[in-house]
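Chemist: One predicted model, sequence on top.
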Amino acid sequence: MAARAPRQIFKQIALFGAAVALVACSDPALDPVADGGGVRDAFLPTPGFDAGAGGGGGGGARPGCVSEVCDGLDNDCDGRVDEIACPCTGPAVCFAGPAEARGVGTCTEGTRRCDATGESYGPCEGSTGPAPEACNALDDDCDGLVDEWCDQPGGGGAGGGGGAGGEGVPGQPRQERFRVGEERLSRPVDFIMSVDNSGSMDDTVAQVEANLGTLATRLVDAGIDYHVVLISERGTNPRDPDVCIPPPMAGPQCADTDRFLHLDESVDSEEPYEDIVKCWGGCDGGRSFAPFLRAGSLLQFIVVTDDESDMSWPRFKAFVRNDMQRPEFTVHGVVGLEDRGCVADVGEQYIRGAEETGGALLHICDNDWGRVIDVLLDATVVRLQRSFPLAGLPDPDTLRVFVVLPNGAEQEQLGNWAYDEAENAIVFQEGFGPDAGAQILVRYLQR
């Protein structure tokens with residue numbers, strides 16, 4: 001059968017959720033944080049804020065931002081004062097910020113002048129409004145607190161996040177800073193690969209042996225902290241579809257290493273899911289891969305088979321979530337995508353798993369494992385660049401996420417991220433994450 005281009009299926013999140021959240025967050029009655037208490041006081045508007053940027057997801061329009069009126073204040077929080085037609089009556093003193101920040105911290109008033117016609121005011125001049133906190137012993141954001149986001153335990157103002165858990169005082173404001181593409185080591189990656197050992201898999205097993213060592217080198221080069229569990233019959237008989245992984249993934253003579261664990265289990269063509277479940281409890285002389293996994297890791301399953309699964313995708317998903325206690329994971333399938341050529345049966349249960357978890361799908365008959373490695377590595381890097389583990393434990397209702405623009409302004413991200421409580425991480429939706437090199441700020445109150 002002619003080689004087919006690999007099919008990658010990554011789920012795209014619809015923009016409908018962003019639109020719904022924007023509508024909801026514009027109404028303080030629907031905003032879980034806009035309760036009139038001290039929570040919102042820690043999050044005053046910053047210059048350049050655009051309530052329409054992004055979509056809904058962790059916050060919304062600022063409380064107190066209303067239609068502009070002629071009163072010398074920036075009522076609609078757009079950085080301009082009385083930009084509507086205002087006659088030259090009333091106070092000439094003005095303030096380029098929300099009323100509650102006037103005269104607080106570094107915020108100062110300015111003046112406005114009549115234009116040449118003498119009938120309306122010009123812009124507010126000389127006023128200083130709230131700015132992002134700069135860790136300079138000043139109240140830059142004019143909220144009555146000084147450097148409240150700086151030097152927090154576990155990752156504050158100038159530092160970064162990373163890790164799960166963390167300690168802090170309940171209700172304490174906290175900020176964590178990340179740079180997209182430079183945080184990969186902050187989250188380990190655990191791969192579990194189940195490889196079919198049936199007689200029809202001779203050629204594919206040879207490709208696995210030849211290329212899995214290359215994957216190890218590329219993971220290291222990419223700066224990824226990885227562990228790989230291989231579930232498949234171990235051996236070196238050229239007439240059998242057994243597997244012996246060479247260095248640098250494995251040690252000499254197929255040996256385990258501190259990053260690689262090979263569980264010697266003969267995997268029948270319809271049992272890759274079942275053998276993952278079995279080896280969680282113990283196989284290969286009672287050994288389990290459970291102690292080899294890391295808490296908070298990005299968990300990825302890779303299934304390699306030319307047949308369908310005896311175990312359904314819903315049953316396997318329930319096992320991982322309930323028994324393994326891992327609600328977040330990805331399934332990749334190197335399986336039969338259509339019923340012809342080398343395929344014994346289409347792997348519908350693996351296809352469902354990959355589609356639902358955003359994994360990659362590649363056709364088993366391609367035998368181009370160089371390309372398989374590329375796809376798996378790219379999928380891993382993309383996922384890591386969308387996931388930012390927090391050092392502290394946040395009150396989820398107070399989480400706010402910003403991207404720092406090249407000019408230093410902060411643009412709040414709405415609708416394109418979610419908080420994964422099980423992993424204690426901010427995860428951007430696929431296709432909506434910031435570009436590599438972008439700086440991310442996460443602010444919240446400590447739980």
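Modeler: The structure has been received and is ready for your questions. Numbers count the residues shown, from 1 in each chain.

Chemist: Okay, and the residue nearest to Ala422 when sequence neighbours are not counted sits in which element?
Modeler: Once flanking residues are discounted, Ala422 sits nearest to Pro327: 4.7 Å by CB to CB, 6 or more residues apart in numbering. (C-beta placed from N, C-alpha, C; glycine too.) For Pro327, there is no enclosing helix or strand under DSSP states H and E.

Chemist: Where does pLDDT dip in the protein?
Modeler: Applying pLDDT under 70 to the chain picks out residues 1-64, 90-91, 148-168, 181-186, 367, 370.

Chemist: ok so, going back, roughly how far apart are the residue nearest to Ala422 and Ala318?
Modeler: In this view, Pro327 and Ala318 are 11 Å apart by CB to CB, to the nearest Å.

Chemist: you'd agree the residue nearest to Ala422 is up against Arg321?
Modeler: Yes: assessed by CB atoms under 8 Å, Pro327 is found in contact with Arg321 at 5.2 Å.

Chemist: can you pull out the strands in the stretch 301-447 of the chain?
Modeler: Here the stretch 301-447 of the chain has its strands, by DSSP state E, counting those that start in this stretch, at 330-335, 360-363, 387-389, 400-404, 410-412, 417-420, 425-428, 439-445.

Chemist: contacting residues around the residue lying closest to Ser232 once chain neighbours are set aside?
Modeler: Spatially, and ignoring its direct neighbours in sequence, Ser232 is nearest to Val195 (3.9 Å; CB to CB, 6+ apart). Applying CB atoms under 8 Å, 6 or more residues apart in numbering to Val195 gives the contacts Met201, Thr204, Val205, Val208, Leu230, Ile231, Ser232, Val243, Val267, Pro272, Val304, Thr305.

Chemist: Just those: which are in helices?
Modeler: Taking DSSP state H, the ones among the contacts of Val195 that sit in helices are Thr204, Val205, Val208, Pro272.

Chemist: isn't the second one right up against Ser198?
Modeler: Translated: Val205. No: taking contacts as CB under 8 Å, Val205 lies outside contact range of Ser198: 9.7 Å.

Chemist: Those two: which is more packed in?
Modeler: Comparing Val205 with Ser198 by neighbour count (other CB atoms under 10 Å), the higher total belongs to Val205, at 21 against 18.

Chemist: ok so, going back, look up the residues that both of Val205 and Ser198 are in contact with.
Modeler: Common contacts of Val205 and Ser198 (CB under 8 Å, 6+ apart): Pro241.

Chemist: Tell me, how many residues neighbour Gln172?
Modeler: Counted with other CB under 10 Å, the neighbours of Gln172 add up to 15.

Chemist: Quick check: the residue lying closest to it once chain neighbours are set aside vs Gly223, distance?
Modeler: Among residues not flanking Gln172 along the chain, Gln446 sits closest, at 4.3 Å (CB to CB, 6+ apart). Using CB to CB, Gln446 is found at 30 Å from Gly223.

Chemist: Settle it for me: which of these two has more neighbours?
Modeler: Gln446 (20 against 13).

Chemist: give the contact list for the more buried one.
Modeler: For Gln446, counting by CB under 8 Å, 6+ apart, the contacting residues are Gly168, Val169, Pro170, Gly171, Gln172, Pro173, Arg174, Gly392, Leu393, Pro394, Asp395.

Chemist: circling back to that earlier point, would you mind telling me which of Pro327 and Ala318 has more residues around it?
Modeler: Comparing Pro327 with Ala318 by other CB under 10 Å, the one with more neighbours is Pro327, at 14 against 11.

Chemist: Can you pull the phi/psi pair for that one?
Modeler: Main-chain dihedrals, Pro327, degrees, to the nearest 10: phi -70, psi -20.

Chemist: What of Asp307?
Modeler: The phi and psi torsions at Asp307 (degrees, to the nearest 10) take the values phi -130, psi 170.
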